[in-house]
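Colleague: Curious how this folds, go ahead:
(chains A, B and C)
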Amino acid sequence: MQPETLNFFDKVYQVAKCIPYGRVTSYGAIASYLGASRSARMVGYAMNGSVGKEVPAHRVVNRKGLLTGKHHFDGTNLMQQLLESEGIKVVDNQIQDFETVFWEPSKEL
DNA sequence: CTCTTGACTGAGG
DNA sequence: GCCTCAGCCAAGA
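Modeller: As a prediction, the model looks like this:
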């Protein structure tokens, strides 16, 4: 990892790209891993440029496991469909068994 | 430099 | 358990 050579956004992309298949994480978890636990909002904001960056933004949700960022995707249920395609159950924008599929970078990365 | 915005989070009612 | 308020921080205008 090249720390200062990468911007905050880039760091977020790096971590997001490392999210394993069938797993999800929260903005706060990523922010905390980057040492910016108070910048969880920035993490989501950074995901705006996730398109074309190999960043599985659909695997990143808020701390409640809620697909808050689904509105930033193409349609309305695209994000949910992607998660379900990975074996993650999603009901009403809410990830089921969130704790089970949760992936903490500081622990597993 | 100042102000606004935002895919968040935690605390309080 | 749900709703509201406030704090936080970085980037863009």
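Colleague: For A:Tyr21, list the residues it contacts.
Modeller: When contacts are counted by Cβ atoms under 8 Å, 6 or more residues apart in numbering, A:Tyr21 touches A:Glu86. The way it works is simple: take the backbone N, C-alpha and C, and place the C-beta from them, glycine included.
Colleague: A strand includes it, no?
Modeller: No. Counting by DSSP: H, G, I helix; E, B strand; the rest coil, one finds A:Tyr21 to be coil, located in no strand.
Colleague: Close to DNA strand C: what parts of chain A are there?
Modeller: Within chain A, the positions lying close to DNA strand C (Cβ under 7 Å from any atom of the strand) are A:Asn7, A:Phe8, A:Phe9, A:Ala36, A:Arg38, A:Ser39, A:Arg41, A:Met42, A:Tyr45.
Colleague: Quick check: which element contains the third one?
Modeller: When you say that, I think you mean A:Phe9. Here A:Phe9 sits within helix A:8-17, counting by DSSP states H and E.
Colleague: on that earlier part again, most surrounded residue in the residues of chain A next to DNA strand C?
Modeller: A:Ser39 (19 neighbours; other Cβ atoms under 10 Å).
Colleague: what comes into contact with stretch A:70-88?
Modeller: Here stretch A:70-88 makes contact (Cβ under 8 Å, 6+ apart) with A:21-22, A:24, A:47-48, A:56-59, A:67, A:69, A:90, A:93, A:95-96, A:101.
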